[in-house]
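Q: here is my input, please return the structure:
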Amino acid sequence: MINRRAFIKNTGAAALGALAMTSIAKAENFLTGETADPNKIKSVGLQLYSLKDVLENDLKGVLERVAKAGYKEVESYPGKKGHYYGLQPKEFSAMLNGMGLKLVSSHFGSGTREGKAESWQQATMLVKFDELVEKAGETGQEYLTCSWMDKSLRGSADDLKRTAELFNTVGEKCKKGGLQFAYHNHAFEFEKVGESMIYDFMLDNTDPKLVQWEMDIFWLVAGQHDPAAYFKKYPNRFPLGHVKDMDKLDKKKNTEIGNGSIDYTEILKAGKKAGMKHFIVEQESFTRPSIESMEINYKNLSVLNV
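A: Model prediction:
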């Protein structure tokens with residue numbers, strides 16, 4: 001039978017051990033920039049297009065500032081020198097990894113069937129796409145995301161059917177290359193072609209295993225559509241989300257998260273519940289230097305309870 005003195009000694013030791021483990025965990029979270037709060041976004045991402053005015057003038061320096069701001073994930077876009085800003089895929093991802101950043105996705109355009117490209121660095125969905133898949137696979141990224149659908153691919157009901165088939169084909173190519181194909185919306189997807197809204201038609205007529213979505217929440221709200229309704233109707237179709245706020249005076253412009261009119265707490269809760277994994281900041285309208293806006297975006301998004 002344990003005596004009172006031994007009981008107190010053992011209990012105290014256990015309490016000190018628990019306190020020590022908590023302190024270690026907090027220290028690790030501080031060092032890694034991660035939060036133990038499950039309601040906070042663990043790794044905030046950034047679409048580098050938000051910094052297009054300065055990024056390619058000082059690629060390494062700007063990325064270092066992105067990392068210093070607290071971002072853990074990035075999404076790239078084709079710059080003036082093409083995919084990965086003229087760098088080789090492994091070279092670009094190694095640069096990011098050295099800063100504590102992870103490339104989760106990269107954007108590319110749909111292109112046209114008549115389009116041309118000198119190399120994979122100018123590749124689109126319709127030109128040199130197989131080479132782009134191969135190169136993207138070398139970075140270790142998870143998603144290859146089409147950011148635009150040319151008008152020639154959505155001019156009629158028959159065009160939409162062919163494009164849905166094309167998305168499935170492209171999705172299959174990505175899958176074989178160890179990637180997941182995704183599509184990023186703007187505003188035109190909420191227009192009707194014949195009897196069908198482009199956005200809904202493409203969701204309904206593509207294979208969920210092959211075609212996922214990056215929801216640009218700003219454009220849904222701008223078009224008076226409810227993001228939560230889409231999360232509910234199409235669960236697990238939106239692993240990626242673009243988060244940017246709406247200017248209170250001009251709804252066509254965006255602003256820093258928390259400074260606009262969109263209540264992101266409830267929207268992102270619904271997105272997270274429906275399978276959204278990557279919360280990616282994007283901003284295209286500015287009243288201050290773009291990098292300062294990105295710092296504000298990180299600060300305000302990282303503290304939301306979602």
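
Q: okay, strands next: where are they in the chain?
A: Under the criterion DSSP state E, strands of the chain are mapped to 44-47, 73-76, 102-108, 143-146, 180-184, 192-193, 196-197, 211-216, 240-243, 245-246, 254-255, 278-281.

Q: which one of those strands lies closest to residue 159?
A: strand 192-193 (7.4 Å; CB to CB). C-beta coordinates here come from the backbone N, C-alpha and C atoms, glycine included.

Q: sheet partners, orientation included, of that closest one?
A: Sheet pairing for strand 192-193, assigned by DSSP bridges, gives strand 196-197 (antiparallel).

Q: quick check: mean pLDDT of the partner strand?
A: Strand 196-197 carries an average pLDDT of 96.

Q: residue 272 and residue 306 touch, don't they?
A: Yes: here residue 272 reaches residue 306: they are 5.5 Å apart, a contact under CB atoms under 8 Å.

Q: of those two, which one has the most company?
A: Higher neighbour count among residue 272 and residue 306: residue 306, with 19 against 16, using other CB atoms under 10 Å.

Q: can you list the buried residues in stretch 266-275?
A: Neighbour counts over stretch 266-275 (16 or more other CB atoms under 10 Å) mark 267-272, 274 as buried.

Q: now swap in stretch 127-134 and tell me
A: For stretch 127-134, the neighbour count (16+ other CB under 10 Å) marks 127-129, 132-133 as buried.

Q: quick one: the helices in the stretch 151-300 of the chain?
A: 157-176, 198-204, 217-222, 227-233, 264-273, 290-302 (DSSP state H, counting those that start in this stretch).

Q: between the ones you listed, which one is nearest to residue 48?
A: helix 290-302 (9.7 Å).

Q: from what I can see residue 147 touches residue 78, true?
A: No: using CB under 8 Å as the test, residue 147 is too far from residue 78 to be in contact (9.2 Å).

Q: mutual contacts of these two, please.
A: Here residue 147 and residue 78 have 107-109 as joint contacts, going by CB atoms under 8 Å, 6 or more residues apart in numbering.

Q: give me the common contacts of residue 272 and residue 306.
A: By CB under 8 Å, 6+ apart, no residue touches both residue 272 and residue 306.

Q: on that earlier part again, from the buried residues of stretch 266-275, which is closest to residue 214?
A: Closest to residue 214 out of these is residue 271 (11.4 Å), distances taken as CB to CB.

Q: where does the prediction get shaky in the stretch 201-306 of the chain?
A: For the stretch 201-306 of the chain, no stretch has pLDDT under 70.

Q: any chance of the shared contacts of residue 147 and residue 78 in TSV, plus neighbour count and distance to residue 61?
A: Shown next, in TSV, are the shared contacts of residue 147 and residue 78 (neighbours: other CB atoms under 10 Å; distance: CB to CB, whole Å):
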residue	neighbour count	distance to residue 61
107	21	22
108	22	25
109	19	27
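
Q: give me the contact list for stretch 241-254.
A: Residues contacting stretch 241-254 (CB under 8 Å, 6+ apart): 47, 184, 214-218, 221-222, 255-262, 264, 268, 271, 276, 278-285, 297, 301.

Q: just to revisit the earlier point, which of the buried residues of stretch 127-134 sit farthest apart?
A: 127 and 133 (12.7 Å).

Q: joint contacts of these two?
A: The overlap between the contact sets of residue 127 and residue 133 (CB under 8 Å, 6+ apart) is empty.

Q: which ones among the buried residues of stretch 127-134 map onto helices?
A: Among the buried residues of stretch 127-134, the residues falling in helices (DSSP state H) are 129, 132-133.

Q: re the thing from before, tell me which of the helices of the stretch 151-300 of the chain lies nearest to residue 71.
A: helix 290-302 (5.9 Å).

Q: so what does that closest one touch, helix or strand wise?
A: strand 44-47, helix 59-69, strand 278-281 (3 or more CB pairs under 8 Å, 6 or more residues apart in numbering; DSSP states H and E).

Q: hmm, 6 Å instead?
A: strand 44-47, helix 59-69 (3 or more CB pairs under 6 Å, 6 or more residues apart in numbering; DSSP states H and E).

Q: and the nearest residue to residue 217 once chain neighbours are set aside, how many neighbours?
A: Leaving out its chain neighbours, the residue that sits closest to residue 217 by CB to CB, 6 or more residues apart in numbering is residue 227, at 5.2 Å. By the criterion of other CB under 10 Å, residue 227 has 25 neighbours.

Q: just the buried ones from the contacts of stretch 241-254?
A: 47, 184, 214-218, 221-222, 255-257, 259-260, 262, 264, 268, 271, 276, 278-283, 297, 301.

Q: wait, doesn't residue 92 sit right on residue 84?
A: Yes: taking CB atoms under 6 Å as the definition, residue 92 is a contact partner of residue 84 at 4.2 Å.

Q: more neighbours, these two?
A: residue 84 (26 against 22).
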